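>>> Predicted model follows, preceded by the sequence.
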Protein chains: 2
Amino acid sequence: MKTANEISASVIGRLPRYYRFLCELQNTGTVRISSNELSKRMGLTASQIRQDFNCFGGFGQQGYGYNVEQLKNEMARILGLNTPKKAILIGAGNLGRAVAAQMRFEEMGFQLIGIFDSDTAFCGMKIKGIPILTDNDLTPFCSVHRPEMAILCLPQAQAPAIVDELILLGVDSFWNFSHYDIHTKYPGANVENVHMSDSLMTLSYKIKNTEIR
Amino acid sequence: MKTANEISASVIGRLPRYYRFLCELQNTGTVRISSNELSKRMGLTASQIRQDFNCFGGFGQQGYGYNVEQLKNEMARILGLNTPKKAILIGAGNLGRAVAAQMRFEEMGFQLIGIFDSDTAFCGMKIKGIPILTDNDLTPFCSVHRPEMAILCLPQAQAPAIVDELILLGVDSFWNFSHYDIHTKYPGANVENVHMSDSLMTLSYKIKNTEIR
């Protein structure tokens, strides 16, 4: 079993996929699955799956397969999904509203407790019952409610000042949809970037190079 | 210089970031940049940047730095951003509408030409001037307009049947926001997955393990 610091980013990146897959298996009534069957259905090798699981002490017995519910619960525990962390959303434009409306935060270890936008025109509107506040409300709100994570759905130009403010308010984790590179200034922050345009450009590259082949 | 098949996924994954960064440099009036300065500002080593660029034949002269505009144009060419590819959006719910409204498709090598939803309640509504059609319109539309890429913003349960239909219609590239694993059935398709919930769970993991340290 490895310590958290020894586990590679690629192993960590596969954990949510294992978790999702195990949820699906449980929903379709599968009680037990062999590592061979799991590997076939996930498009990974059985040895890779065993190596990944061994980082966390391994689950199940050789030749006996995995208990789906048990393994799912273990994944949820490793991912921290059972301990809700308070989150706020910064930016209530198209993307921010979609993220707030679409995501099942509770199932993923978060509780959305506040929404903020610099545009006062949104003020008073609600998403999932949560009223949209202005950026001026950010400091008093955070001082009282102590969120630890912020979802950044704001334009890149506005991001640096807001991140500075949030860091001072004790928010040190970011789900970042903006293109502001938080790690350059705050290397210790927990950051997950969702760079949608990078993904779309990568697809453009793949298409271009399929055509050439 | 390597062929497209020899270039690793991690190099390809960095290309959009180079491109974005060069656009910013150009917007702020920077004409020339050394690989050292570029590496410092991007948080990569100068040697990694040189290695990445060498995959495409290398750009610029040793000790002389890169011409920003020239390098940006070269990246755009490599990424295929200058040859617009026709794309359709499947699913006009919260996420689909946000993606359609938010993304600057033209700047990323795509042209959004059609939007479809299984819910006829959306029928007749428009996003960016594009009318939302029903799934029944998909076959006639594709037969005439020949899109090559589909953006999947639909529930996972609906994805397999739609992907089967799209593949038959000649659409073989997917920007996939659903959790349906297209590659298991169609290993030859061009796929870029945006798994937002995976990213959020990974952040949950990082926060949990920061607290432990």
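Great, that's in hand. Numbering: from 1, shown residues only, chains lettered A, B, ... in the order given.
>>> Low-confidence stretches in chain A?
By pLDDT under 70, the low-scoring segments of chain A are A:1-2, A:4-5, A:60-63, A:211-213.
>>> got the residue ranges for the helices in it?
A:9-27, A:35-42, A:46-54, A:68-79, A:94-102, A:138-145, A:159-168, A:182-185, A:196-212 (DSSP state H).
>>> closest one to B:Asn190 among these?
helix A:196-212 (4.3 Å; CB to CB). All C-beta spots, glycine's among them, are computed from the backbone N, C-alpha and C.
>>> For that closest one, buried residues please.
A:196-209 (16 or more other CB atoms under 10 Å in any protein chain shown).
>>> restrict those residues to those near chain B?
Among the buried residues of helix A:196-212, the ones lying near chain B by CB under 8 Å from any CB of the partner chain are A:196-209.
>>> and the lengthiest strand in chain A, does that touch chain B?
Longest strand in chain A by number of residues (criterion: DSSP state E): strand A:110-117. Yes - judged by CB under 8 Å from any CB, strand A:110-117 and chain B are in contact via A:Phe110.
>>> List the strands paired with that strand, with their directions.
Each strand that pairs with strand A:110-117, with its direction, by DSSP bridges: strand A:85-90 (parallel), strand A:130-134 (parallel).
>>> Quick check: buried residues in the shortest one?
Just to be clear, that refers to strand A:130-134. A:130, A:132-133.
>>> who touches that strand?
Strand A:130-134 is contacted from outside by A:92, A:100, A:112-118, A:120, A:122-126, A:141, using CB atoms under 8 Å, 6 or more residues apart in numbering or on different chains.
>>> how near is A:Asn73 to A:Pro84?
Per CB to CB, to the nearest Å, A:Asn73 is found 16 Å from A:Pro84.
>>> Repeat that for A:Asn54.
In terms of CB to CB, A:Asn54 sits 29 Å off from A:Pro84.
>>> Next: A:Gly57.
25 Å.
>>> Name the residue in those two with the higher neighbour count.
Taking neighbours as other CB atoms under 10 Å in any protein chain shown, A:Gly57 and A:Pro84 compare with A:Pro84 leading, 15 against 10.
>>> you'd agree the more buried one is up against A:Gly109?
Yes - counting by CB atoms under 8 Å, A:Gly109 is a contact partner of A:Pro84 at 6.4 Å.
>>> Domain parsing of chain A, as residue ranges.
The record's domain split for chain A, according to automatic domain parsing, is A:4-77, A:85-198.
>>> just those domains: most buried one?
domain A:85-198 (a mean of 18; mean count of other CB atoms under 10 Å in any protein chain shown).
>>> and the helices of chain A as CSV, adding distance to B:Gln48?
Shown next, in CSV, are these (distance: least, CB to CB, whole Å):
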stretch, distance to B:Gln48
helix A:9-27, 16
helix A:35-42, 31
helix A:46-54, 26
helix A:68-79, 30
helix A:94-102, 31
helix A:138-145, 37
helix A:159-168, 25
helix A:182-185, 16
helix A:196-212, 17
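>>> quick one, which of the ones you listed is nearest to B:Glu37?
helix A:182-185 (13.6 Å).
>>> looking just at contacts, which helices and strands does that closest one meet?
On a contact count with 3 or more CB pairs under 8 Å, 6 or more residues apart in numbering or on different chains; DSSP states H and E, helix A:182-185 meets helix A:159-168.
>>> Identify all contacting residues around the helix it packs on.
Helix A:159-168 is contacted by residues A:90, A:135, A:138-139, A:142, A:150, A:152, A:154, A:174, A:178, A:180, A:182, A:185-186, A:189 when judged by CB under 8 Å, 6+ apart.
>>> With stretch A:9-21 instead?
A:38, A:41-42, A:44, A:52, A:55, A:71-72, A:75-76, A:78-79, A:81, B:179, B:195, B:197-199, B:201-202, B:205-206.
>>> measure the closest residue in space to A:Thr30 that isn't next to it in sequence to chain B for me?
Nearest non-adjacent residue to A:Thr30, counting by CB to CB, 6 or more residues apart in numbering or on different chains: A:Val68, 5.3 Å away. Using CB to the nearest CB, to the nearest Å, one gets 17 Å for the distance from A:Val68 to chain B.
>>> what do you get for A:Cys55?
Distance from A:Cys55 to chain B, by CB to the nearest CB: 12 Å.
>>> Isn't that residue up against A:Thr3?
No - using CB under 8 Å, A:Cys55 is not in contact with A:Thr3, being 9.8 Å away.
>>> From the chain's centroid, how far away is stretch A:136-151?
For stretch A:136-151, the separation from the chain centroid amounts to 20 Å (computed by CA atoms, centre = their mean, to the nearest Å).
>>> same deal with stretch A:98-115?
10 Å.
>>> Which residues does that stretch contact?
Contacts for stretch A:98-115 (CB under 8 Å, 6+ apart): A:79-89, A:92, A:96, A:127-128, A:130-133, A:141, A:145, A:147, A:149, A:151, A:153, A:177, B:93-95, B:97-99, B:196-197, B:200-201, B:204, B:208.
>>> Quick check: end-to-end length of that stretch?
Start-to-end span of stretch A:98-115 (CA to CA, to the nearest Å) is 13 Å.
>>> ditto for stretch A:129-143
21 Å.
>>> With stretch A:114-129 instead?
Termini of stretch A:114-129 sit 10 Å apart (CA to CA).
>>> What's the separation between A:Gly57 and chain B?
Separation of A:Gly57 from chain B (CB to the nearest CB) stands at 15 Å.
>>> And for A:Met75?
Counting by CB to the nearest CB - A:Met75 and chain B are separated by 9 Å.
>>> same check, this time on A:Ile162
18 Å.
>>> Over to A:Ile132?
16 Å.
>>> so that residue bridges to which residues?
Under the criterion used (DSSP bridges), A:Ile132 bridges to A:Ile115.
>>> so how far is A:Asp117 from it?
Using CB to CB, one gets 6 Å for the distance from A:Ile132 to A:Asp117.
>>> Overlap in contacts, the two.
Overlap of the contact sets of A:Ile132 and A:Asp117 (by CB under 8 Å, 6+ apart) consists of A:92, A:123.
>>> how about A:Ser143, what does it touch?
With CB under 8 Å, 6+ apart, A:Ser143 has these contacts: A:Leu169.
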